[in-house]
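In: turn this into a structure:
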Amino acid sequence: MNIPFLELKTEYQTLKAELDFAYQQVMESGTYIWGKSLQDFERDFSEYCETDYCVGVGNGLEALTLILLANGLGPSDDVIVPANTHIATWLAVSKIGARPVPVEPVHATFNIDPDRIKQALTSATKAIIGVHLYGAPFDIDPVIEFAACHGLKVFADAAQAHGALYKERGASSLVDAAGFSFYPTKNLGAYGDGGAVVTNNPEIAEKVRILSNYGSDRKDNYRYQGINSRLDPLQAAFLNVKLSYLDEWNQTRRKLANLYITILKDAPGVILPIYPDEITPVWHLFVIRYTQRDNLKAHLKNMGIDTLIHYPIPPHLSGAYSGQFQKGGFSISEKMSDTILSLPLHPFISEEEVKYIAEQVYELLLKIPGRKFDTSSHFHLNAYI
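Out: Residues are numbered from 1 along each chain as shown. Predicted structure coming up:
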């Protein structure tokens, strides 16, 4: 059996008629920048996120960068960020000349640990960016409470969390602003690059819109030194087609993630993600931890199963931040990067394929010399395969 990590072509084939119609509508409109399809998507996505405003932009990194700029952050400012995240979170901070100040994650959730944020606070701190990593919201309430006590803004990198809930509310509606990515692999992905900023603050929304259009609020009137960052109407039209399926797809992801958890809960040495009840993840990624990660990855590859690592190098050890941090300075994040493995999970993978993947994880564990393993756990698997 061959199981790719992701199958985007199947998604297109499933929605082909609707997507092709959306393409035709935009092409025949003669409007290829801004236009009605973008306005429709911004309206519908803001409603979906339970926010008042949505501004389409070029990609997720630019969404975060524009949020920071719109809130007046820049050189000499510090921004608290997760140590365990994709580097884009940090790059947005560095792009405006500010300094990313990392905070270690909670072991069980991979997300920023609210109890450690105080240690990162400096006199220059102006904001906190939490990341809804792998599609699971960070623990928002204590972060907001801490920020309120110190006069800080709270933003969310929601690139992987389209539809994620915190205490039954849209997670991205609870912060000052959130940045989304519509990279093709996301739960809500375009057929190219794309991003958006959502917020309940009209001033932030207006300034993001102006900054994303060269700093212009109307033709030839430039209020700020902005950038060119737009979500084009063709991608917006595609996204609006897919938005109507997002809840269904996310529910499928939850069902498959629960299947992985049910089967692998007794797998010795395998650490599964654990989220508290107030978190409703959308399972953009299903990430496990295993000490001999590379051996497991190679074994699954030999069995026709494609896996990925999100992410093999934490930002503080990347070349982009060379000389600014020491190895061992963020040991939790470093250990995670050495042990994490993402298993295939998407709306078009079958339950049979998930069961096969889980079976192959057990297969490797049974082969480890000296492993004391209660085979009843493996026989427990037989109820699912």
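
In: so where do the helices sit in the stretch 201-350 of the chain?
Out: 202-211, 233-243, 246-264, 293-302, 331-339 (DSSP state H, counting those that start in this stretch).

In: for these, which one sits closest to Val103?
Out: helix 331-339 (9.5 Å; C-beta to C-beta). For glycine as for every other residue, the C-beta is placed from the backbone atoms N, C-alpha and C.

In: got the contact list for that closest one?
Out: With C-beta atoms under 8 Å, 6 or more residues apart in numbering as the test, helix 331-339 has contacts from 83-84, 102, 104-105, 107, 110, 271, 289-291, 293, 309, 311-314, 316-317, 327-328.

In: repeat that with 6 Å
Out: Residues outside helix 331-339 that contact it (C-beta atoms under 6 Å, 6 or more residues apart in numbering): 83-84, 104, 289-291, 293, 312, 314.

In: now stretch 56-63
Out: Under C-beta under 6 Å, 6+ apart, the answer for stretch 56-63 is 38, 42, 88, 92, 159, 179, 181, 193, 195-197, 212, 229, 231.

In: which residue ranges form the helices in the stretch 51-200 of the chain?
Out: Under DSSP H, counting those that start in this stretch, the stretch 51-200 of the chain gives helices at 60-70, 87-95, 117-120, 140-150.

In: any idea how far the third one is from the chain center?
Out: Computed by C-alpha atoms, centre = their mean, to the nearest Å, the chain-centroid distance of helix 117-120 equals 23 Å.

In: leaving out the residues flanking it, which one is nearest to Phe146?
Out: Ile117 (5.7 Å; C-beta to C-beta, 6 or more residues apart in numbering).

In: which parts of stretch 295-312 are buried?
Out: Residues of stretch 295-312 classed as buried: 296-297, 299-300, 303, 305, 307-311 (neighbour count, 16 or more other C-beta atoms under 10 Å).

In: the longest strand in the chain is where?
Out: Determined from DSSP state E, the single longest strand within the chain is strand 125-131.

In: how far off centre is it?
Out: Using C-alpha atoms, centre = their mean, the offset of strand 125-131 from its chain centre is 16 Å.

In: equivalent analysis for stretch 107-117, please.
Out: Its chain's C-alpha centre and that of stretch 107-117 lie 16 Å apart, by C-alpha atoms, centre = their mean.

In: quick one: average pLDDT of it?
Out: For stretch 107-117, mean pLDDT rounds to 97.

In: span of that stretch from start to end?
Out: Chord length of stretch 107-117, first to last residue, is 15 Å (C-alpha to C-alpha, to the nearest Å).

In: mind splitting the chain into its structural domains?
Out: The chain resolves into domains spanning 8-103+110-243, 246-381 when parsed by automatic domain parsing.

In: quick check: buried residues in stretch 123-131?
Out: For stretch 123-131, the neighbour count (16+ other C-beta under 10 Å) marks 125-131 as buried.

In: what do you get for stretch 245-262?
Out: Buried residues in stretch 245-262 (16+ other C-beta under 10 Å): 245-246, 249-250, 252-253, 256-257, 259-260.

In: one step back: out of the helices of the stretch 51-200 of the chain, deepest packed?
Out: Comparing those by mean neighbour count (mean count of other C-beta atoms under 10 Å), helix 60-70 ranks first with a mean of 27.

In: now it: how far from the chain's centre is it?
Out: 15 Å.

In: with just CA atoms, put it into CSV.
Out: Taking Å, rounded to 0.1, in the frame of the first residue of the first chain, the C-alpha atoms of helix 60-70 are listed here in CSV:
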residue,chain,number,x,y,z
GLY,A,60,0.5,34.1,5.9
LEU,A,61,3.9,35.7,6.6
GLU,A,62,2.7,39.0,5.2
ALA,A,63,-0.5,38.7,7.2
LEU,A,64,1.5,38.6,10.4
THR,A,65,3.9,41.3,9.2
LEU,A,66,1.0,43.6,8.4
ILE,A,67,-0.6,43.0,11.8
LEU,A,68,2.5,44.1,13.5
LEU,A,69,3.0,47.2,11.3
ALA,A,70,-0.7,48.2,11.7
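
In: now that helix: mean pLDDT?
Out: If you average the pLDDT over helix 60-70, you get 98.

In: that one versus strand 125-131: what angle between them?
Out: Going by axes from the mean of the first three to the mean of the last three C-alpha atoms, to 10 degrees, helix 60-70 is angled at 160 degrees with respect to strand 125-131.

In: taking helix 202-211 as reference, get the angle to helix 60-70.
Out: Helix 60-70 and helix 202-211 are oriented at 120 degrees to each other (the same axes, to 10 degrees).

In: got the angle for helix 60-70 vs helix 87-95?
Out: 40 degrees.

In: quick revisit: want to try a markdown table for the contacts of stretch 56-63, with pLDDT and distance to Ser173 as columns?
Out: Listed next are the contacts of stretch 56-63 as a markdown table, based on pLDDT from 0 to 100; distance: C-beta to C-beta, whole Å:
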| residue | pLDDT | distance to Ser173 |
| --- | --- | --- |
| Leu38 | 98 | 21 |
| Glu42 | 98 | 15 |
| Ala88 | 98 | 22 |
| Ala92 | 98 | 20 |
| Ala159 | 98 | 16 |
| Gly179 | 98 | 14 |
| Ser181 | 98 | 18 |
| Asp193 | 97 | 24 |
| Gly195 | 98 | 17 |
| Ala196 | 98 | 13 |
| Val197 | 98 | 13 |
| Ser212 | 98 | 21 |
| Ser229 | 98 | 22 |
| Leu231 | 98 | 20 |
